[in-house]
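Q: sequence-free structure coming up:
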């Protein structure tokens, strides 16, 4: 069953941060990245009055989490949607998409299930079809990206989304090899990357294919452009006193979250005003000092928690119209 292969990251910290908002009568919380439902199950258990809305673009994740959350009955509503569709989902459910929920949680990146299912092509440690789509019913696969994108665009993707310093070397090798035979499986790509990189680049940073696979996954799923829309929409959905928590797993995600939270927590008043009017006051209060990290104990129990960065904020005032 799904529970045995899924350990929710920083679970206690997520629950503690959201608790003051979710202990309110009639609280609604949105798990924007439902996955296998570990965080959602814990929220429904700890806060017995809460109503949960769970979003995921992966239909298999929805099926498995639906089994897990079935004992909670109509307290849990699961929706096939990408998390930037949050306003539309809330409107469909009759919940105001502005200031209508008490809690929002994001657990970004690739889920345990997607990593563990070999045929999804997310993991560079095992050979599989190069798919990487979180929603396998739509969009282009990682193989199509590798086989059809112009070299310059591939270099841009590897640099921007994978922070890969050797992007040109890798792309030159990809272009040369795809002319002989299109890419279909991950093992061939992993071997190509190993062969393309200089020895010095292979000595640090774990598997040398890690950054390329991250870049391809972000491109295939449009993760950063989706996140750019989703975080501001989630902040807007919070009622005053509502709280948002975001777990991210690489610097690109964390930087985006940090920027949205910092902007919301800053005064927008022109300099020099003796009294700051209400409409210029911050909308958010930061609940974490920088990004919080998992404990050494948690990393020892769950190695996938190691890169996690957690940020939280509270909505402290309405938008002034």
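A: Everything's here; your move. On a predicted model such as this, the values are computed, not experimentally measured, just so you know.
Q: where does the stretch 101-250 of the chain dip in pLDDT?
A: 110-125, 201-205 (pLDDT under 70).
Q: what about residue 133, neighbour count?
A: 20 (other Cβ atoms under 10 Å). For every residue, glycine as well, the C-beta is placed using N, CA and C.
Q: that one - nearest residue in space that isn't next to it in sequence?
A: With Cβ to Cβ, 6 or more residues apart in numbering as the criterion, residue 133 has its nearest non-adjacent residue at 5.3 Å, and that residue is residue 139.
Q: where's residue 133 relative to residue 80, distance?
A: Note on residue 133: its distance to residue 80, by Cβ to Cβ, to the nearest Å, is 14 Å.
Q: let me know the outermost residue of this structure.
A: residue 274 (41.0 Å; Cα atoms, centre = their mean).
Q: surely that one forms part of a strand?
A: No - using DSSP: H, G, I helix; E, B strand; the rest coil, the assignment for residue 274 is coil, not a strand.
Q: could you measure from it over to residue 253?
A: If you go by Cβ to Cβ, the gap between residue 274 and residue 253 works out to 39 Å.
Q: how about residue 21?
A: The value you get for residue 21 to residue 253, if Cβ to Cβ is used, is 23 Å.
Q: same question for residue 167.
A: Counting by Cβ to Cβ - residue 167 and residue 253 are separated by 20 Å.
Q: got it, and residue 236?
A: 19 Å.
Q: those two - which one has more neighbours?
A: Taking neighbours as other Cβ under 10 Å, residue 236 and residue 253 compare with residue 253 leading, 21 against 17.
Q: can you tell me which residues contact the residue lying closest to that one once chain neighbours are set aside?
A: Leaving out its chain neighbours, the residue that sits closest to residue 253 by Cβ to Cβ, 6+ apart is residue 108, at 5.2 Å. Counting by Cβ atoms under 8 Å, 6 or more residues apart in numbering, residue 108 touches 33, 223, 227, 246-249, 253.
Q: and with 7 Å instead?
A: By Cβ atoms under 7 Å, 6 or more residues apart in numbering, the contact list for residue 108 reads 33, 246-249, 253.
Q: please apply the same query to residue 74.
A: Counting by Cβ under 7 Å, 6+ apart, residue 74 has no contacts.
Q: ok but residue 236 is inside a helix, no?
A: Yes - the assignment for residue 236 (three-state DSSP) places it in a helix.
Q: tell me if I'm right that residue 240 and residue 285 touch.
A: No - using Cβ atoms under 7 Å, residue 240 is not in contact with residue 285, being 10.9 Å away.
Q: overlap of the contact sets of these two?
A: With Cβ under 7 Å, 6+ apart as the test, residue 240 and residue 285 both reach residue 316.
Q: so between those two, which is more surrounded?
A: Neighbour count, other Cβ under 10 Å: between residue 240 and residue 285, residue 285 has more, with 15 against 12.
Q: bridged to the more buried one, which residues?
A: residue 314 (DSSP bridges).
Q: wait, it sits on residue 316?
A: Yes - counting by Cβ under 7 Å, residue 285 touches residue 316, with 4.9 Å between them.
Q: just the strands in the chain please.
A: In the chain, the strands defined using DSSP state E lie at 28-31, 51-56, 76-80, 101-107, 238-248, 284-286, 309-315.
Q: nearest to residue 264, out of the ones you listed?
A: Comparison of those against residue 264 by Cβ to Cβ identifies strand 284-286 as nearest, at 3.5 Å.
Q: and that closest one, what other elements does it pack with?
A: Contact partners of strand 284-286 among helices and strands, from 3 or more Cβ pairs under 7 Å, 6 or more residues apart in numbering; DSSP states H and E: helix 251-264, strand 309-315.
Q: thanks a lot, see you next time.
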